[in-house]
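Engineer: after the sequence you'll find the predicted model.
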2 protein chains.
Amino acid sequence: MSAYHPLSAEEAIQLARSIPGRFPEHAELECREIGDGNLNLVFHVTAKNTADSIIIKQAVPYAKVVGESWPLSLDRARIERLALETEHKICPELVPEVYGYSDELAYTVMEDLSEYTIMRRGLIEGQAYPKFAEHIGEFLARTLFYTSDLGMNQQEKKVLAGQFVNPDLCKITEDLIFEDPYRKSDNNNYSEAIEDEAEVLRSDTELHFEVTLLRHKFLTQAQALLHGDLHTGSIFVKPDSTKVIDPEFAFFGPMGFDIGAVIGNLLLNYASQIGWSSDEQTRAAREARLIEMARGVWTHFESGFRLLWNEGLQDEMSRTAGYQDYYISQILKDTAGFAGCKMIRRIVGLSHVADIDTIPGDKGREAAQRKALAIGKSLVRHHRSIQSIDDIVTLVEQASQGNEVSI
Amino acid sequence: MSAYHPLSAEEAIQLARSIPGRFPEHAELECREIGDGNLNLVFHVTAKNTADSIIIKQAVPYAKVVGESWPLSLDRARIERLALETEHKICPELVPEVYGYSDELAYTVMEDLSEYTIMRRGLIEGQAYPKFAEHIGEFLARTLFYTSDLGMNQQEKKVLAGQFVNPDLCKITEDLIFEDPYRKSDNNNYSEAIEDEAEVLRSDTELHFEVTLLRHKFLTQAQALLHGDLHTGSIFVKPDSTKVIDPEFAFFGPMGFDIGAVIGNLLLNYASQIGWSSDEQTRAAREARLIEMARGVWTHFESGFRLLWNEGLQDEMSRTAGYQDYYISQILKDTAGFAGCKMIRRIVGLSHVADIDTIPGDKGREAAQRKALAIGKSLVRHHRSIQSIDDIVTLVEQASQGNEVSI
């Protein structure tokens, strides 16, 4: 019989107390469950008279999504914890520290980041994060390089990949991102107003072809350890600091999937600007800033990745002239394609983004949805011919103009 | 403490007797160790007065190659056994049956194939195997399709792939096929007569680029369960039957690697013909037959794979128009590239083929070596632009003519 049971607040406090060095010996501890109740319990344990605190995150054996309950393996807690540990070793400043865990009880005790804001919320409020592109570019460059055949021992990589076999959570991505938006599915979720767009997504076989290529990469290409769900809701920010959380979708996949997730989510916020009632000037400034953030994510990733390659390459054959350029050009193409897939699914698929869904006016929301779809489709459709980040920006701007609706 | 120890002949007999239904109850059993002593012990257990017999194959914890001893994980016995079981379920006629095993003692009890000939030996003797292309094409089509995301449940595939993490044996391939031939290495092994060829292999950076692309696919693309070492020494033949053995290199990799192994080894025998003292007519007939065998391996694979795809596809998105053609065209390109890599390494790398090494005359052997290298390099160099099996045949014939040396 498994010892698994959902922790009580009292147990969470005992657990917190057992972690060495986290709290003064006789501190009075308080515990609040702050999870959204969908996938995990999240206990916030604080000391009464000091600033000491920790988070205990415990997986529950189901996911509640739009009222439905999906069974989900508790093994995802092990995978998330192992991903946090692996990423923290590579990027200590950018990933919360793990203080303790139990695979059996499916919990992880970790650094409290309560003073951070969820990036998606900050972007919706119109905040600027001038350090974000640099930070996330570094996270991407370092985690992807050091878990690939370029930056780690190739035999150890195979063993590590074996520890990240993650069928349950990959299945969610395979269905919700790479399949449901392109067919009739009970999982899809969009308003009647954009039924015409949904119909085009279902019938456009040229688009399906490109999506199927990207899906095949997701299914087969074990290039590096991915976060696997790197949207702006998985990133905590402060003006001077960035932390990447929630890697429960981690597995060995194509690098462009993580980079595309970040850029796709920035572009979803970009597409949402048309729907918010800001003045023209503010809107133009925010749009320009978001484009530059997206560009910056790529350029910081690329420069960091090239530096690591030039200084830390483990693989002799990869020193071959021209190979680095070729390799990075492939990542860019994948990045564009995956960014596009992620934008499309957030409009017609099961799970949306608040950037667009919380736009108060129906017309503004619809305009943002159409704009996001236009950008997403363009990125997917053209991803294999993209040569530079400027090409991506051009596609985004052209798709935006061609489909911009005055509101 | 591990219970592992090398089995004695007496233990092998006891073991054989314990397998239900294999021998009559009071049969007198005899045992002969028939392994080549490099990687495995192979016990042939036979009953004295009947035709009943079995094979017990036991891994030893090292590999003896050219006098050196490499430590090798005993886990390869588990991988080989699991691969045999997986392949046998998919192709019962084409793979020996497993009767029993112990992962701890690293042995597998299996069907005896003593009445078969090793295909490489048969080819060297000039035998024709008119059923071979059809049989191996079926093996390739079925094993590759049914262990890919096309033909098996995609979540079960991930779990199965986790059971085939095979770092030790993949390392041998990564070094001996994709690296050593292109640099100075103590592992390399060739005569001074072809030092000029070896030097070209080391300095040709355009060739290195193509090899590095293929190496990257080998390292990262978990497309299907591969045999992993499908040369003509891993295939047993009779006029009417073919059996694939020795899948200890099995792992999830790019499909073209297995198909390329078969075709590359047929082409090595093709290249060897120039060195054997047969008359012109015999030689021309054998060469033509080998080219047709290589062509037939591909065409039987392709037609079988398309049939399985059309009838048994598990993946909805893969029904997209044009995707099947695209997918198969990619396999063909990979097949050509991997075939080329395998030819090159058998000439200058550690491990050679008897087809060429046993040619008695130095000049004939050298001519065959140069011809094999010319074909191998051409296939690697042009693999990404190959569109059909005819393109491969054309490249082979052109490379052969351009480098043919009269002897």
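Structural biologist: Here it is on my side, so go on.
Engineer: please make it C-alpha for all contacts and neighbour counts, starting now.
Structural biologist: Fine.
Engineer: which residue ranges of the stretch 51-200 of chain A form strands?
Structural biologist: For the stretch 51-200 of chain A, the strands defined by DSSP state E, counting those that start in this stretch cover A:53-59, A:62-65, A:68-71, A:98-102, A:107-111, A:117-118.
Engineer: which elements pack onto the last one?
Structural biologist: In other words, strand A:117-118. Applying 3 or more CA pairs under 8 Å, 6 or more residues apart in numbering or on different chains; DSSP states H and E, one finds that strand A:117-118 contacts strand A:235-238.
Engineer: highest average neighbour count across the strands of the stretch 51-200 of chain A?
Structural biologist: The highest mean neighbour count among those, using mean count of other CA atoms under 10 Å in any protein chain shown, belongs to strand A:53-59: a mean of 25.
Engineer: phi, psi for A:Glu104 please.
Structural biologist: Per-residue torsions, A:Glu104: phi -70, psi -50 (degrees, to the nearest 10).
Engineer: the residue nearest to it when sequence neighbours are not counted in helix, strand or coil?
Structural biologist: In space, and not counting its chain neighbours, A:Glu104 is closest to A:Tyr4: 6.1 Å by CA to CA, 6 or more residues apart in numbering or on different chains. At A:Tyr4 the chain is in coil, as set by DSSP: H, G, I helix; E, B strand; the rest coil.
Engineer: ok, and what's touching stretch A:307-316?
Structural biologist: Residues from elsewhere that reach stretch A:307-316, judged by CA atoms under 8 Å, 6 or more residues apart in numbering or on different chains: A:Ala141, A:Arg142, A:Phe145, A:Asp149, A:Leu150, A:Gly151, A:Met152, A:Asn153, A:Arg319, A:Gln324.
Engineer: let's go with 7 Å and repeat that
Structural biologist: A:Asp149, A:Leu150, A:Gly151, A:Met152, A:Asn153 (CA atoms under 7 Å, 6 or more residues apart in numbering or on different chains).
Engineer: with mean pLDDT added, can I get the strands of the stretch 51-200 of chain A in CSV?
Structural biologist: Below are those laid out as CSV (pLDDT from 0 to 100):
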stretch, mean pLDDT
strand A:53-59, 96
strand A:62-65, 70
strand A:68-71, 69
strand A:98-102, 97
strand A:107-111, 98
strand A:117-118, 96
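Engineer: make JSON lines from those strands and add distance to A:Glu397 to it.
Structural biologist: Output for the strands of the stretch 51-200 of chain A, formatted as JSON lines (distance: least, CA to CA, whole Å):
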{"stretch": "strand A:53-59", "distance to A:Glu397": "41"}
{"stretch": "strand A:62-65", "distance to A:Glu397": "34"}
{"stretch": "strand A:68-71", "distance to A:Glu397": "38"}
{"stretch": "strand A:98-102", "distance to A:Glu397": "41"}
{"stretch": "strand A:107-111", "distance to A:Glu397": "40"}
{"stretch": "strand A:117-118", "distance to A:Glu397": "27"}
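Engineer: against chain B, how distant is the residue nearest to A:Asn265 when sequence neighbours are not counted?
Structural biologist: Counting by CA to CA, 6+ apart, A:Asn265 lies nearest to A:His231, which is 5.8 Å off, once chain neighbours are set aside. Per CA to the nearest CA, to the nearest Å, A:His231 is found 24 Å from chain B.
Engineer: A:His231: what's it in contact with?
Structural biologist: Counting by CA under 7 Å, 6+ apart, the residues that A:His231 touches are A:Ala261, A:Val262, A:Asn265.
Engineer: can you name the element that comes right after the helix or strand harbouring the last one?
Structural biologist: Read it as A:Asn265. Under the criterion of DSSP states H and E, A:Asn265 resides in helix A:255-272. For helix A:255-272, the succeeding helix or strand toward the C-terminus, using DSSP H and E, is helix A:280-312.
Engineer: quick check: mean pLDDT of that next one?
Structural biologist: Averaged across helix A:280-312, pLDDT comes to 97.
Engineer: ok and it relative to helix A:255-272, angle-wise?
Structural biologist: Angle, helix A:280-312 to helix A:255-272, by axes from the mean of the first three to the mean of the last three CA atoms, to 10 degrees: 170 degrees.
Engineer: how about helix A:280-312: buried residues?
Structural biologist: A:283, A:286-287, A:289-291, A:293-302, A:304-306, A:308-309 (16 or more other CA atoms under 10 Å in any protein chain shown).
Engineer: can you give me the helices in chain A?
Structural biologist: Assigned helices in chain A, in chain order: A:9-18, A:75-90, A:119-124, A:132-146, A:154-163, A:167-176, A:195-203, A:205-220, A:255-272, A:280-312, A:323-348, A:354-357, A:362-382, A:389-403 (criterion: DSSP state H).
Engineer: just those helices: most buried one?
Structural biologist: It is helix A:255-272: most buried of those by mean count of other CA under 10 Å, with a mean of 28.
Engineer: related to what we said a few turns ago, the residue nearest to A:Glu104 and A:Ser102 touch, don't they?
Structural biologist: No. Taking contacts as CA atoms under 7 Å, A:Tyr4 lies outside contact range of A:Ser102: 9.9 Å.
Engineer: from B:Gln398, how far out is A:Phe145?
Structural biologist: 41 Å (CA to CA, to the nearest Å).
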